[in-house]
Structure formats: C-alpha cells, structure tokens
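Enquirer: 3D model of this:
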Amino acid sequence: MPEAYEEVSKVDKMRAITDYINRAGAAAIPDSQRKKLYKLSVRQCSVMANIRRYTQQHPEGVPMSILAERAGMSPSAASHMVDSLTAQGMVERHQSPTDRRAVLVTISKSFLNLAIEIDKAQQNAIDELCSELTEEERAINRAVVDKLYNAIIERVGI
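Expert: As a prediction, the model looks like this:
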C-alpha cells in the first residue's frame, strides 16, 4: 500500500465503504425515478430512512411524534416534511387503528418497491466486498457489525 494511504482515518475508510455501497444503490435507480430522488434534501432522505427503518419492524407505520423525535425535528416541521414527501408520492399517511388522534407514516408502495431494488443492489455490493474476506473474517465482520448496530439501537433506538 502506498505510504500516502497509510494515514487514512477510520472515518474516511468507513465513508469510502459507505460511498461504494451507496453508489451501487444509486446505480439501481431507473432514470425515470432518478431526478425525483435526487431532488430530495439531505433532511428528506434522513426522514425517509427513519421511516423505512422503523416500518421494517412496525409495518403499520411510524407515529408522527416518534418520527419527529428520531429526525430531530419539531412535530410541526416533521408534519410539513411528511406533507411534502406525500405530495411527491414518497410516503403515505394513515390513521392509527388503535388511536384516532395518531397519524402513522409509511413509505408509499411504489417507492417501497424501488427501495427494495436499491437494497438488493447494495447487498450485492456488500457481498462483493465481503468476497475478499475469508470465512472467518466474514464471521468476525458480521459479529462486529451486529455489535455496532446494537450499540446504536441502545443509544437512539430504531
């Protein structure tokens, strides 16, 4: 390895890995959807990611109050953001079946199908990178990733 690369920080290494995986996901986006997605702000992408993560374990949807908290936004700002994403066809609002006052937010069906394709492309990129590892290294990698993920869950939730 060239000497100039020996001082690359862990942060930069993690960013490079994440960028590689994200580029694979971006390549899976059809041209018809690309412009729509690329118009999303970083904050909107964060809100979408929060909705997606939460609804993987709670398919009925994420309550607006929890979404606002997870996104670090006021309830009114989160509501405005969800209005904008709803108008773009990215998310849907639903009345909670158990609490008439609560609004649940989910990823729209059309966008969910696209998100699944992006996930598949990103998983393929991860699998490709992990093919460079021995079976023992893959097991260690899985354990480390799981441990770090669980640490995040303990700190901030899903």
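Enquirer: what about residue 118, how many residues nearby?
Expert: 19 (other CB atoms under 10 Å). To be clear about C-beta, it is placed using only N, CA and C from the backbone, and glycine gets the same treatment.
Enquirer: would you confirm that it contacts residue 30?
Expert: No: here residue 118 does not reach residue 30: they are 10.6 Å apart, not a contact under CB atoms under 8 Å.
Enquirer: excluding chain neighbours, give the residue nearest to residue 70 in space.
Expert: Spatial nearest neighbour of residue 70, chain neighbours left out: residue 50 (4.7 Å); criterion: CB to CB, 6 or more residues apart in numbering.
Enquirer: go ahead and confirm that neighbour touches residue 72.
Expert: No: counting by CB under 8 Å, residue 50 does not reach residue 72; the two are 9.8 Å apart.
Enquirer: so those two - more neighbours on which side?
Expert: residue 50 (22 against 11).
Enquirer: so the more buried one, which of the three states?
Expert: Here residue 50 is helix, with the state taken from DSSP: H, G, I helix; E, B strand; the rest coil.
Enquirer: try residue 106
Expert: Residue 106 - assigned by three-state DSSP - is strand.
Enquirer: number of residues surrounding it?
Expert: Number of residues near residue 106 (other CB under 10 Å) recorded here: 20.
Enquirer: any idea how far it is from residue 112?
Expert: In this view, residue 106 and residue 112 are 8 Å apart by CB to CB, to the nearest Å.
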